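Engineer: here's my sequence, what's the structure:
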Amino acid sequence: MRIIEPSELILNPNGSIFHLHLKPEDVADKVILVGDPGRVDTVAKFFSKIELTVSNREFKTTTGFFNGKRISVVSTGIGTDNIDIVVNELDALVNIDLEKRQVKEKHRQLTIVRLGTSGALQADIPVDCFVSTNIAVGFDGLLNFYDGRNRVSDLAMEAAFLKHTNWKPLLAKPYFVHSNTELVELFKEITVQGVTISAPGFYGPQGRVLRLPLADSDLNNSIESFRYNDLKITNFEMESSAINGLSLLLGHSSITICAIIANRILKTASADYKSNIKKLIEQALQRLTK
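Structural biologist: A predicted model of the protein is given here:
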């Protein structure tokens, strides 16, 4: 079997994986991802028992129990570049023998659910609702670096989108990746079904203008008007595409659920989004452990 060299799989002196500082036994089969390290504590307050808390840079992990079921919550920071670290390292912890530096013969599947915040791109999506990312659209280009990108992407929807938006060749080619169907069904009752764009930035990539003009000032209008069968783009955030893409390539189940804190079309914003996030966390934990 192939040996994974130390330069490719970096471990800390105590045997934990490089960025997350976790060991294989620290990770539960069900993992909640949040962006803000402070939100790890918000999730953990719902736990009846906490096994461990490990922190390094923006990556903070707490593993504990809710309804008698073991769950890990991990903060990722912002952006798909951090998701590349988190998902690859979580997978390595459960599917690579770190001592032998070899892929294990038996694959262990993780259930990965990101709980975050987002801005709506359609007027009929109200602030403070929850949007389920049934399809994640990657403006980030991350998945294009991995073999199998086309295998896990909805190429027909991608082609329709490129044509509709007259996509600029200097931009990274977007990819469209479906969430796990069982997780979509699990959260269907409490969410608006969505197609979510993961942008590689908060300002220009999401159409915001401060001092720098946009390369394509009409892109957000094209996004809003795009239709594919009965689907339309519902919201912007910054992580779901990499979560879905890497999870599918690595054999894990994933979905993103976001609380809508602003509507970009109506120019409205939530008056108390933190309380709404707590409601989302509790409902997600209930569904993941029922």
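
Engineer: now name the helix or strand holding E282.
Structural biologist: helix 273-289 (DSSP states H and E).

Engineer: in that helix, what's buried?
Structural biologist: Neighbour-count burial for helix 273-289 flags Y273, N276, I277, K278, L280, I281, Q283, A284, L285, L288 (criterion: 16 or more other Cβ atoms under 10 Å). Any C-beta I mention is one placed from the backbone N, CA and C, and that applies to glycine too.

Engineer: how far away is the residue lying closest to R108 once chain neighbours are set aside from V103?
Structural biologist: Among residues not flanking R108 along the chain, V94 sits closest, at 4.3 Å (Cβ to Cβ, 6 or more residues apart in numbering). Distance from V94 to V103, counting by Cβ to Cβ, to the nearest Å: 11 Å.

Engineer: kindly report the same for M157.
Structural biologist: Counting by Cβ to Cβ, the gap from M157 to V103 is 32 Å.

Engineer: and these two? Which one has more around it.
Structural biologist: M157 (20 against 13; other Cβ atoms under 10 Å).

Engineer: verify the contact between the more buried one and A136 for me.
Structural biologist: No - using Cβ atoms under 8 Å, M157 makes no contact with A136, being 11.5 Å away.

Engineer: shared neighbours, these two?
Structural biologist: F176 (Cβ atoms under 8 Å, 6 or more residues apart in numbering).

Engineer: average pLDDT for the one helix or strand F176 maps to, rounded please.
Structural biologist: When elements are assigned from DSSP H and E, F176 belongs to strand 175-178. When pLDDT is averaged over strand 175-178, the result is 98.

Engineer: what sits up against it?
Structural biologist: By Cβ under 8 Å, 6+ apart, strand 175-178 touches 134-138, 143-144, 149, 152-155, 157-158, 161, 241, 244-245, 248.

Engineer: quick check: buried residues in the helix or strand just after it?
Structural biologist: Counting by DSSP H and E, the next helix or strand C-terminal to strand 175-178 is helix 181-186. Under the neighbour-count criterion of 16+ other Cβ under 10 Å, helix 181-186 has L183, V184, L186 buried.
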